[in-house]
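Engineer: Sequence plus the predicted model coming up.
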Amino acid sequence: MDDLGPRLAALTFSDLTQAQVTTLVIDTVAAWGEGHGWRVYRRAPSVLRLPPPMDQQHSVLDVALARPDGPPIVVEVDHTHRQRTIDKLLAEAEEGRLPFWVRWGPGKIIEPPPPIILLSLAVTRSQGRYSRSLLAAPEHSATAALTGEITELPLAAAPEPGPDR
C-alpha cells in the first residue's frame, strides 16, 4: 500500500483541464488497485447520505478497493479543500474502511484530520490549465557568480580643449 504515493508522485502532464487531471488521478488509483489484484469500483456508494432534499440517496466515492488481505480502501480525489469530502471519509473510516484523500492543485494543501491519509499532488496553473513536471527548479546561489578577477580598465583621457573646440 505504500506504493500509491510514489506512483502518484511520478505523474506528469501538461496543459490539462481540471476534469482531465481528476480523471488521470482516478485512473492511476484504479490501475494501482488492479495491479494489486484487488476489485476496483469507480463511483462506489458511500455510507454517507446526500444532504436534503436528496437524503434518500448515498454520496459516491471516486474509487473503492476491495482486498482479501485487509480492510477496504476508499479514495476521494479533489482539487480543492472540501469539508464534505472530509465528512465522507471520516464516515467511511468509522465503518472500518481505510480512507485516502488525493488532493491536487497549486498552493498550500491543508492536512485533514486522522485517520484520513493525505496524498498531495502539487501542480501549476496557467490560464485555467494544469501541468505537473518532475524537473527540479534550478538552484540559485546566495552570492552573485563571478568569473575571473575584477580589473579596473583605464579611462581614455579627455581631449585638451583646442582652438577649434
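Structural biologist: That came through fine. Numbers count the residues shown, from 1 in each chain.
Engineer: After the longest strand seen in the chain, which helix or strand is next?
Structural biologist: Criterion DSSP state E: the longest strand present in the chain is strand 39-49. Note on strand 39-49: by DSSP states H and E, the next helix or strand toward the C-terminus is strand 58-66.
Engineer: centre of the chain versus the strand or helix carrying residue 125, how much separation?
Structural biologist: Using DSSP H and E, residue 125 sits within strand 124-126. Centroid displacement of strand 124-126 relative to its chain, using Cα atoms, centre = their mean, to the nearest Å, is 12 Å.
Engineer: Partner strands of that strand and their direction?
Structural biologist: Strand pairing for strand 124-126, using DSSP bridges, gives strand 129-132 (antiparallel).
Engineer: what's the offset of whichever helix or strand residue 121 is part of from the middle of its chain?
Structural biologist: Per DSSP H and E: residue 121 is located in strand 117-122. Strand 117-122 sits 6 Å away from the centroid of its parent chain (Cα atoms, centre = their mean).
Engineer: Quick check: neighbours of it in the sheet, parallel or antiparallel?
Structural biologist: As assigned by DSSP bridges, strand 117-122 forms pairs with strand 98-105 (parallel).
Engineer: Could you tell me the angle between the strand it pairs with and strand 58-66?
Structural biologist: 110 degrees (axes from the mean of the first three to the mean of the last three Cα atoms, to 10 degrees).
Engineer: Run through who's touching strand 98-105.
Structural biologist: 1, 4, 8, 21-22, 25, 29, 70-81, 85-86, 89-90, 92-93, 109, 112, 115-123, 125, 130 (Cβ atoms under 8 Å, 6 or more residues apart in numbering). Any C-beta I mention is one placed from the backbone N, CA and C, and that applies to glycine too.
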